[in-house]
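pasting the structure only:
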């Protein structure tokens with residue numbers, strides 16, 4: 001009984017303690033909650049997983065461009081390309097260069 005109570009209290013706390021996730025950031029992005037999505041992407045850009053970092057940086061670049069903040073987007077765009085090039089995967093690099101924003105009906109380049 002005591003264990004059940006402890007789990008009931010700790011489990012929700014553990015769920016809220018989880019940091020940003022790429023799925024959550026994309027969900028915010030597709031829902032049009034751009035400032036929140038941008039914050040999530042920027043937090044994910046520091047990920048030790050280079051694929052997550054590249055995706056987050058690329059999507060942050062997309063949001064800033066959509067908002068007309070072109071100069072602010074440049075560092076994220078450039079960093080996304082650097083990480084993609086370092087991965088050595090031409091497909092990842094192509095997606096960084098030619099991808100529509102998440103949830104967009106537009107299709108550019110490689111999907």
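In hand now; what should we look at? Owing to the predicted nature of the structure, the values given are computational and were not obtained by experimental measurement. Numbers count the residues shown, from 1 in each chain.

I'd like the next helix or strand past the helix or strand of the chain with the lowest mean pLDDT.
Of all helical and strand segments in the chain, the minimum by mean pLDDT, DSSP states H and E falls on helix 2-17, at a mean of 43. Using DSSP states H and E, the helix or strand that follows helix 2-17 towards the C-terminus is helix 22-30.

Output the contacting helices and strands for that next one.
helix 34-44, helix 50-66 (3 or more CB pairs under 8 Å, 6 or more residues apart in numbering; DSSP states H and E). For every residue, glycine as well, the C-beta is placed using N, CA and C.

In that helix, which residues are buried?
Across helix 22-30, burial judged by 16 or more other CB atoms under 10 Å covers 22, 25, 26, 27, 28, 29.

repeat for stretch 39-46
By neighbour count on 16+ other CB under 10 Å, the buried set for stretch 39-46 is 40, 41, 44, 45.

okay if I get these as CSV plus distance to residue 82 and pLDDT?
Listed next are those as CSV, based on distance: CB to CB, whole Å; pLDDT from 0 to 100:
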residue, distance to residue 82, pLDDT
40, 21, 96
41, 16, 95
44, 16, 96
45, 12, 94
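
and of those residues, the nearest to residue 65?
Of all the buried residues of stretch 39-46, residue 41 has the smallest distance to residue 65: 12.9 Å, by CB to CB.

need the contact list for that closest one.
Residues near residue 41 by CB atoms under 8 Å, 6 or more residues apart in numbering: 25, 29, 56, 57, 59, 60, 63.

Highest neighbour count among these?
The residue in the contacts of residue 41 with the most neighbours, by other CB atoms under 10 Å, is residue 56 (29 neighbours).

Can you give me the distance of that one to residue 40?
Separation of residue 56 from residue 40 (CB to CB, to the nearest Å) stands at 8 Å.

Spell out which residues are contacts of both of those two.
residue 25.

Adding distance to residue 84, write the helices and strands packed on helix 22-30 out as CSV.
Output for the helices and strands packed on helix 22-30, formatted as CSV (distance: least, CB to CB, whole Å):
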stretch, distance to residue 84
helix 34-44, 15
helix 50-66, 5
